[in-house]
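Chemist: Could you look at this predicted model? Sequence included:
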Amino acid sequence: MKKVALVTGATSGIGRALVELLMKEKIHVIAVARNEEKANQVRASLASLTKEVSLDFVIGDFKNNQTTKKVSEDISQLIKTKYEGQLDILMNVAGIVSSGYHENEDGNEVTFAVNHLSPYILTHYMIPFLKASKDPYILVVSSLSHYRASINWNNIQNKKFYNILKAYKRSKLYNVFFVKALANMFPEIKTYAIDPGLVKTEIGLKNTSKLAAFVWKLRVSSGTDAYYPTKFMVDIILNRGELAPSGSYMKEGRAVKSNPITYEMSHAEKLMDYSATLTGLSYQKFANK
Ligand SMILES: NC(=O)c1ccc[n+]([C@@H]2O[C@H](COP(=O)([O-])OP(=O)(O)OC[C@H]3O[C@@H](n4cnc5c(N)ncnc54)[C@H](OP(=O)(O)O)[C@@H]3O)[C@@H](O)[C@H]2O)c1
């Protein structure tokens, strides 16, 4: 059977490019989108690739625990019925930046919810399917900005003194902790944090103030196109590049050192416990299985 990949954030930027490159490698893709119209546009633009591989869009929103669990259940159902309960590659790509402090229905700050809690929840649902694969991978798109983040256990969601950049950087730091925790827990699944570099996408134009959007436009003009980092990501899952230890932080296909605090596993463990409390989903249930 051909490999099956799940890609979030598939309607634009890095996620959209990944869907295309994976399909060109003859990998079936399950793509997640919150906007059905955009999903239809992506599907139409990639129609010529669907002669040999499937592209299924699952529509859902990562805005809160309940909606993320719903989309995770819908994906689970599709994997069971169409792919005999097997998933080979999970690419957690969806992400936001947000001007101003906003809470979702669970009382969680929205950047934290979309960038950290949604991959935490979705991955939890996908673990059994990944375990059914002979060569499973989890990639989580982090960011260069994580190097400039600190951790403050008294203000983990930036509820006090909210700042757009601080919230974003911290969420990307949490992505690295999450990857390190997963790599420890599931040695059979190759798990990597990805640093895509600066990429020309519209992330800084959504959920942002006019000033933040203006700054993003200026900054991103020197970025790469979305195919640049995604080629390296596809090379990783096809074992084409360096064979880096699971848990590594990858830049341009190579393992590089992440923020020194990401090597303190007590932080990663604490983040996992905190996320389990917030979502009601603990990874402990997979221990010794
Ligand atoms: N661009 C960069 O320079 C850069 C650098 C470092 C890291 N990253 C990371 O790369 C990832 C992709 O970002 P990008 O730059 O490609 O931005 P993007 O083009 O805005 O893509 C983000 C994707 O996430 C989706 N998304 C956002 N909120 C969602 C929600 N609540 N539910 C479901 N899907 C949601 C978006 O859907 P819509 O299409 O409907 O908006 C979009 O498909 C992010 O994790 C970001 O932090 C980007």
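Modeler: Yep, it's here.
Chemist: quick one: contacts for residue 213?
Modeler: By C-beta atoms under 8 Å, 6 or more residues apart in numbering, residue 213 lies in contact with 204-205. Just so you know, the C-beta spots here come from the backbone N, C-alpha and C atoms, and that holds for glycine as well.
Chemist: And it, how far from residue 220?
Modeler: 10 Å (C-beta to C-beta, to the nearest Å).
Chemist: okay, and the common contacts of those two?
Modeler: Common neighbours of residue 213 and residue 220, using C-beta under 8 Å, 6+ apart, are residue 204.
Chemist: Grab the nearest non-local neighbour of residue 212.
Modeler: residue 99 (5.0 Å; C-beta to C-beta, 6 or more residues apart in numbering).
Chemist: Now do the one you found against the ligand, distance only.
Modeler: Distance of residue 99 to the ligand, given as C-beta to the nearest ligand atom, to the nearest Å: 14 Å.
Chemist: Would you check that that residue makes contact with residue 165?
Modeler: No: judged on C-beta atoms under 8 Å, residue 99 makes no contact with residue 165 at a distance of 10.2 Å.
Chemist: Burial check on residue 51, number of neighbours?
Modeler: Look at residue 51: counted by other C-beta atoms under 10 Å, it has 6 neighbours.
Chemist: If you could redo that for residue 257, that was the one I meant.
Modeler: Neighbours of residue 257 (other C-beta under 10 Å): 11.
Chemist: got the contact list for it?
Modeler: Contact analysis of residue 257 by C-beta under 8 Å, 6+ apart lists residue 249.
Chemist: how far away is it from the ligand?
Modeler: Separation of residue 257 from the ligand (C-beta to the nearest ligand atom) stands at 17 Å.
Chemist: Could you check the pLDDT of that residue?
Modeler: The model reports residue 257 with a pLDDT of 98.
Chemist: cool, and residue 288?
Modeler: Reported pLDDT for residue 288: 58.
Chemist: How is residue 275 assigned, secondary-structure-wise?
Modeler: helix (DSSP: H, G, I helix; E, B strand; the rest coil).
Chemist: In this structure it contacts residue 119, no?
Modeler: No: between residue 275 and residue 119 there is no contact under C-beta under 8 Å: 9.8 Å.
Chemist: Mind checking which of the two has more residues around it?
Modeler: Relative neighbour count places residue 119 above the other of residue 275 and residue 119, with 29 against 24, counting by other C-beta under 10 Å.
Chemist: residues from the stretch 151-289 of the chain in reach of the ligand?
Modeler: With C-beta under 6 Å from any ligand atom as the criterion, the stretch 151-289 of the chain meets the ligand at residues 196, 198-199, 201-203, 206, 223.
Chemist: about what we covered before: same drill for residue 99 and residue 165, tell me which one is more crowded.
Modeler: Neighbours were counted for residue 99 and for residue 165 using other C-beta under 10 Å; residue 99 has more, 17 against 13.
Chemist: Does that one lie in a helix or a strand, and which?
Modeler: In the assignment (DSSP states H and E), residue 99 maps to no helix and no strand.
Chemist: what's near enough to touch it?
Modeler: Residue 99 sits in contact with 164, 207-209, 212, where contact means C-beta under 8 Å, 6+ apart.
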